[in-house]
Every structure is written in structure tokens, then in C-alpha cells.
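J.: coordinates only, sequence not included:
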């Protein structure tokens, strides 16, 4: 069995990327979210990929890409990641790469495995957390949202695991607001 897994939390595509509503209509936002997420899944498919979701359409899309589904029993990003991480731990995976589905340049994401026990990739503003690589043997408090990078770094530093922060990386680029769209247009 592969001891590494990828976890990607994805909410429904129809309500994704609301912060882009001033420049993209709902269909364009849904198409963009699906396109970005497809690229992330494809970039990670050398490892088992698990999608934490709460939506039937996302589940169908993910199955078509060969990903496994973890139906989150409650709403919310932190809840989905925590649920998925614990599930993968129970399945015997030793290391989990957790990434958002809106990375612009996801090719090579699995290269983060093995760089260090814990790898944190913040966004370009050093505010959010785009990617985490975590050993499943440690307790970790997921705290996505504004300033999550600092909170995740603090949680990681509580463990005895070696931590690597990767700030100069293509994985720091995601689509959060209209200014980010120049990367994909």
C-alpha cells in the first residue's frame, strides 16, 4: 500500500469563487473552479487522491477523475479537512498532502512529500495556507481562513516533527480575488 495520500476539500462548484462575482458570472465561476480542481487532481494522481466534499455533483466529477470520496458529515472547510485527515489516518496512510483545489500551477505537488515531515506552503501574501504535508501520527489543529498560515505554523511547531515552510513556490498562487485572474487569462 502507498503510505502517502492526497486530500483535497472541495465545496460545490456552483457556490465557489464568490469573491470573483464582480468580474465573472456564476457559470464562469463554476467552470473556473472545476477547471482548477481538475488540474490539481490530475497533478496529484500518482498518489491516491481523496476528495472531501458535501455535494453530489462534486462527488460525480471526482469519481470520473478516479479520486475516492470522503463525504464530510458536517459543513465547513476545517471540518472537512479534519474529517478527511482522520479518515486517512485510520486507513493506514502515514503522510497526507492537503491542498486546495484552486491552485494555478499544481504540477509537481507530490514533490512536497519527503521534503520534510511537515511542509507548509502559504499563499503569496503569507496569509492563507495553500498546501500542508503532515504525518498522520501527530495531532494537528486545522484552522483555515484569514491568517491560517500563522496558525498552522504554530500548530506544526508544537509537534516534534521537522517543519519546512516553502514561501518561494509556484504552489503559493491560487485564485481568490479578481487580481489573481491574470494568471489564468
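T.: It's in. Just so you know, these numbers come straight off a predicted model, no measurement behind them.
J.: where exactly do the strands run in the protein?
T.: In the chain, the strands defined using DSSP state E lie at 4-9, 49-53, 68-71, 95-99, 118-122, 129-135, 163-165.
J.: which ones are touching the closest residue to residue 83 other than its chain neighbours?
T.: Distances taken as C-beta to C-beta, 6 or more residues apart in numbering put residue 72 closest to residue 83, at 5.2 Å, once the chain neighbours are dropped. (Glycine included, C-beta is placed from N, CA and C.) Contacts for residue 72 (C-beta atoms under 8 Å, 6 or more residues apart in numbering) come out as 9, 52-54, 79-80, 83-84.
J.: Spatially central residue for the protein, please.
T.: For the chain, residue 99 is the residue whose C-alpha lies nearest the centre (C-alpha atoms, centre = their mean; 1.9 Å).
J.: Tell me, how many residues neighbour the closest residue in space to it that isn't next to it in sequence?
T.: Computed as C-beta to C-beta, 6+ apart, the closest residue to residue 99 that is not its neighbour in sequence is residue 131, at 4.7 Å. Neighbourhood size, residue 131 [other C-beta atoms under 10 Å]: 24.
J.: What separation is there between residue 131 and residue 25?
T.: Look at residue 131 and residue 25: by C-beta to C-beta, to the nearest Å, they are 29 Å apart.
J.: Same check on residue 58?
T.: Applying C-beta to C-beta to residue 58 and residue 25 gives a distance of 20 Å.
J.: and these two? which has more neighbours close in?
T.: The neighbour count for residue 58 versus residue 25, taken as other C-beta under 10 Å, is higher for residue 58 (25 against 10).
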